[in-house]
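Q: Task: produce atomic coordinates for the following.
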Amino acid sequence: MVKIFYGTCFLWCLYIIQATYPEIIKYSNLIAVRWCEPSNIPSSQNRRQGTYRYMEDMGNEQYAIKDQSYSYRVEDIWQPYRIDITTRAENIPSHENADKWLDIPCD
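A: Model (predicted):
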């Protein structure tokens, strides 16, 4: 019975690693994060706009700068949320400094 339990735990760990690997790769090239409180929404609703800026490898030592925005804070694991991905720039050489992409303004 213990071998079945350990085998199940091992397979579950492999599944979790395989399922989250693309997100781990994406966020390993994270440049900047900014959370803003929109001015047109009353503060009693406690909404925030989150933007994650990262570099995505396009191959041939070229990158794309992308913004991934979340429309509101996720409060539990079952809450649906909206993700909006915007491409800011494409074909950026890998040797170019990413410092000019650090500033994310609050709209």
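
Q: Now do the buried residues in the helix or strand containing Tyr21.
A: Assigned by DSSP states H and E, Tyr21 belongs to helix 2-27. For helix 2-27, burial by neighbour count (16 or more other CB atoms under 10 Å) applies to Lys26. For the C-beta atoms, the positions are set from N, CA and C on the backbone; glycine is no exception.

Q: same check, this time on stretch 51-59
A: Buried, per 16+ other CB under 10 Å, within stretch 51-59: Thr51, Tyr52, Arg53, Tyr54, Met55, Glu56.

Q: Angles on the backbone of Asn97, please.
A: Backbone torsions of Asn97, given as degrees, to the nearest 10, read phi -70, psi 130.

Q: what's around it, how many residues?
A: 7 (other CB atoms under 10 Å).

Q: Who are the contact partners of it?
A: Residues near Asn97 by CB atoms under 8 Å, 6 or more residues apart in numbering: none.

Q: how close does it sit to Tyr63?
A: Distance from Asn97 to Tyr63, counting by CB to CB, to the nearest Å: 12 Å.

Q: What average pLDDT does the helix holding Tyr21 get?
A: Mean per-residue pLDDT for helix 2-27: 89.

Q: what about Ile16, distance to Gln49?
A: Distance from Ile16 to Gln49, by CB to CB: 29 Å.

Q: try Lys26
A: Computed with CB to CB, the distance linking Lys26 and Gln49 is 20 Å.

Q: what's the answer for Thr87, then?
A: Counting by CB to CB - Thr87 and Gln49 are separated by 18 Å.
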